[in-house]
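Q: Take a look and give me a structure for this.
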Amino acid sequence: MERRRVVITGMGAVTPNGIGIDNFWDSLVYGRSGVRRITHFNATSYPSQIAAEVPDFDPTDYMDPKISKRLSRFAQFTLAASNEAIEDSRIDFGLEDSQRVGVFIGTGIGGGDYSENQHIIFMEKGLKRISPHTAMAVCTHSAAGIISLTYKLKGPNTTIAAGCNSGLDAAFLAYNAIRLGDADVMLVGAGEAPITPYIFAIFCAGGFLSRENEEPHRALKPYDIQGDGTVLGEGGALLIMEELRHARERGAKIYGEILGYASANEAYNLFETENNGDTLSKAIEQSLTNAHLIPKDIDYINAHGNGLLEYDVNETLAIKKIFGELAYQIPTTSIKPITGQSFSVTGILQIITSLLVINKNIIPPTINHNNPDPKCDLDYVPNHFRKKDVHTTLMNAHGFGGSHTIMIVGEGNHLDH
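A: Residues are numbered from 1 along each chain as shown. Predicted coordinates for the structure are as follows:
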């Protein structure tokens, strides 16, 4: 059976550091953080008062006002990102078999914002004042549903809720749907909106969040001895994936190809991570095997780097176990000091970042990296971008419950090989 290859032909992003791919990329390269003091609610009584909010987002710029009122913020973000990705790919769904075009979306929180607001209304004003659209708005599947409805897409459709892994996991499932012949085109993305009074309080109570409230843009410090926690973010991102021949026949531009994937679980602790890098290193090894690559084939690593030192150390150990001395020669960066920790969305943004690195030969920096932890001694490209020819990149995500997801992408100009 002929192997079906999967490429990316369109990208869209709604992020705290910029709406639109061009704005997102520009802020990454120049290290402009989207972390600010919270404006969505009064956070002065919270130990952490900072987050990566999407500023100046008006959903009615991307959808009918009636539709926007029926959607939670995460679904609004995802639908808005899909608009850009579809335009970017120049795909005409009127010329496609709708049964061969599907939608896979990842989310960790789903419509928690809508649920929280409606609960307040219920407690204050009673059952009769609850919006009749609440049941669908709070559903994690509402984003995948509204995208399919908007573009009349009748192919495979599902939602992945696996915490911070959800974006990369959704991308893998979309890749498999095309590779195995269930679809020719997949819209794959993620959306999150966790900056609400109650959801934010939950993460404060868990002790995960940075308290560097005076200088928010300096708060999230991966691999740095002065890091004091992560920073929550929100947003949405979406990719258009296609079977290679299908993309070529319609003359699509190709950003790159999905080469490999792996997933594993530490089975160690729901909230803490193991301290030896074993499970993550085995997942990296498996992803290389699946991609028919060896360690020296990787030019760049877009890492999870969430600013929680226990994980940053585990991640560094895992990379060194697989790449050995090569590990010190591979630029390894985290985008989270700029985008915040936006759960599932970060995985899609990692794919977008990796593809742009390949196409532009520029590696965005890991900002706020001034005092490296001695155990985190890789090349994190601190604070300033770097020019470098990059052909193949590896990215990893980690989620509560101990799960790890790895994905590898390669350039799109060697697809005849």
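
Q: ok, and what's touching stretch 136-151?
A: Applying Cβ atoms under 8 Å, 6 or more residues apart in numbering, the contact partners of stretch 136-151 are 63, 67, 70-72, 74-75, 78-79, 82, 86, 93, 101, 103-105, 107, 110-112, 114-115, 118, 131, 153-154, 157-159, 161, 187, 189, 191, 236. C-beta coordinates here come from the backbone N, C-alpha and C atoms, glycine included.

Q: Average pLDDT for it, rounded please.
A: Stretch 136-151 comes out with an average pLDDT of 94.

Q: what comes up buried for that stretch?
A: By neighbour count with 16 or more other Cβ atoms under 10 Å, stretch 136-151 contains the buried residues 136-148, 150-151.

Q: in the stretch 201-350 of the chain, which spans are helices?
A: 244-249, 278-290, 309-323, 336-339, 344-360 (DSSP state H, counting those that start in this stretch).

Q: export those to a markdown table and tack on distance to residue 200 and mean neighbour count?
A: Shown next, in a markdown table, are the helices of the stretch 201-350 of the chain (distance: least, Cβ to Cβ, whole Å; neighbours: other Cβ atoms under 10 Å):
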| stretch | distance to residue 200 | mean neighbour count |
| --- | --- | --- |
| helix 244-249 | 41 | 16 |
| helix 278-290 | 28 | 20 |
| helix 309-323 | 20 | 21 |
| helix 336-339 | 17 | 31 |
| helix 344-360 | 16 | 26 |
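
Q: Residue 259 is nearest to which of those helices?
A: Shortest distance between residue 259 and those, using Cβ to Cβ, is found for helix 278-290: 8.1 Å.

Q: by contact count, what packs against that closest one?
A: Helix 278-290 is packed against strand 256-265, helix 309-323, strand 392-399, strand 403-411, with contacts defined by 3 or more Cβ pairs under 8 Å, 6 or more residues apart in numbering; DSSP states H and E.

Q: what's the offset of that helix from the middle of its chain?
A: 20 Å (Cα atoms, centre = their mean, to the nearest Å).

Q: ditto for stretch 220-234
A: 17 Å.

Q: Quick one: the helices of the stretch 201-350 of the chain as a markdown table, columns for distance to residue 301 too.
A: Shown next, in a markdown table, are the helices of the stretch 201-350 of the chain (distance: least, Cβ to Cβ, whole Å):
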| stretch | distance to residue 301 |
| --- | --- |
| helix 244-249 | 25 |
| helix 278-290 | 9 |
| helix 309-323 | 7 |
| helix 336-339 | 14 |
| helix 344-360 | 9 |
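
Q: Show the average pLDDT along stretch 286-299.
A: Mean predicted confidence for stretch 286-299 is 97.

Q: now residue 72: how far from residue 239?
A: Residue 72 sits 21 Å away from residue 239, going by Cβ to Cβ, to the nearest Å.

Q: Now, of the contacts of stretch 136-151, which are buried?
A: Neighbour-count burial (16+ other Cβ under 10 Å) applied to these gives 63, 67, 70-72, 74-75, 78-79, 82, 86, 101, 103-105, 107, 110-112, 114-115, 118, 153, 157, 159, 161, 187, 189, 191, 236.

Q: Next step: these restricted to helices.
A: Mapping these onto helices (DSSP state H) picks out 67, 74, 75, 78, 79, 82, 86, 112, 114, 115, 118.

Q: Could you point out the helix or strand that follows the least confident helix or strand in the chain by mean pLDDT?
A: Counting by mean pLDDT, DSSP states H and E, the chain has its least confident helix or strand at helix 134-137, which shows a mean of 88. Later in the chain than helix 134-137, the nearest helix or strand by DSSP states H and E is helix 142-151.

Q: Just give me how far that following helix sits from the chain centre.
A: On Cα atoms, centre = their mean, the centre of helix 142-151 falls 19 Å from that of its chain.
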